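Q: Everything below, folded, please.
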Amino acid sequence: QVQLVESGGGLVQAGGSLRLSCAASGRTVSSYAMGWFRQAPGKEREFVSRISSTGRTTYYADSVKGRFTISRDNAKKTAYLQMNSLKPEDTAVYFCAADTIIDSTAYANAAKYEYWGQGTQVTVSS
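A: Sure thing, here's the model as predicted:
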């Protein structure tokens with residue numbers, strides 16, 4: 001089993017930065033791709049970013065490209081999402097997720113990810 005716990009959310013002014021962390025448990029979690037999704041009130045959960053198990057390959061939603069950076073430290077079993085130049089439209093609950101399948105096809109599809117954290121709230125004020 002894999003457990004994911006997000007942290008690092010909070011309230012920040014527009015233009016500010018936050019770094020989210022996703023601490024994972026489980027022996028083989030370092031071999032899984034990790035993703036970040038977000039869900040704003042009244043909206044569907046949407047893809048934000050994904051990183052391969054080795055960290056060599058990353059993907060970003062167009063809306064965050066150039067502002068957010070995903071990374072991971074397999075020794076610590078932790079994935080990160082550095083969020084810079086935050087905008088009010090980035091306000092959402094952010095979830096990390098683990099994908100046990102190496103194939104990155106449909107990486108933006110939430111259904112592809114087997115394990116999910118509980119989420120952390122990010123609020124960006126204007």
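Q: Residues touching stretch 105-114, excluding its own?
A: 2, 33, 35, 37, 45, 47, 50, 59, 61, 97-101 (Cβ atoms under 8 Å, 6 or more residues apart in numbering). C-beta here means a position set from N, CA and C on the backbone, and glycine is covered the same way.
Q: What residues sit buried inside stretch 13-30?
A: 18, 20, 21, 22, 23, 24, 29, 30 (16 or more other Cβ atoms under 10 Å).
Q: How about stretch 40-49?
A: Going by 16+ other Cβ under 10 Å, stretch 40-49 has these buried residues: 45, 47, 48, 49.
Q: Adding secondary structure, write the residues you listed out as CSV.
A: Shown next, in CSV, are the buried residues of stretch 40-49 (DSSP: H, G, I helix; E, B strand; the rest coil):
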residue, secondary structure
45, coil
47, strand
48, strand
49, strand
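Q: This protein: strands as residue ranges?
A: Under the criterion DSSP state E, the chain contains strands at 3-7, 10-13, 18-25, 33-39, 46-51, 58-60, 68-73, 78-83, 92-99, 115-116, 120-125.
Q: Next, format the ones you listed as JSON lines and append distance to residue 108 and mean pLDDT.
A: Formatted as JSON lines, the strands of the chain follow (distance: least, Cβ to Cβ, whole Å; pLDDT from 0 to 100):
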{"stretch": "strand 3-7", "distance to residue 108": "18", "mean pLDDT": "97"}
{"stretch": "strand 10-13", "distance to residue 108": "25", "mean pLDDT": "98"}
{"stretch": "strand 18-25", "distance to residue 108": "18", "mean pLDDT": "97"}
{"stretch": "strand 33-39", "distance to residue 108": "8", "mean pLDDT": "97"}
{"stretch": "strand 46-51", "distance to residue 108": "4", "mean pLDDT": "98"}
{"stretch": "strand 58-60", "distance to residue 108": "7", "mean pLDDT": "97"}
{"stretch": "strand 68-73", "distance to residue 108": "13", "mean pLDDT": "98"}
{"stretch": "strand 78-83", "distance to residue 108": "15", "mean pLDDT": "98"}
{"stretch": "strand 92-99", "distance to residue 108": "11", "mean pLDDT": "97"}
{"stretch": "strand 115-116", "distance to residue 108": "15", "mean pLDDT": "96"}
{"stretch": "strand 120-125", "distance to residue 108": "19", "mean pLDDT": "98"}
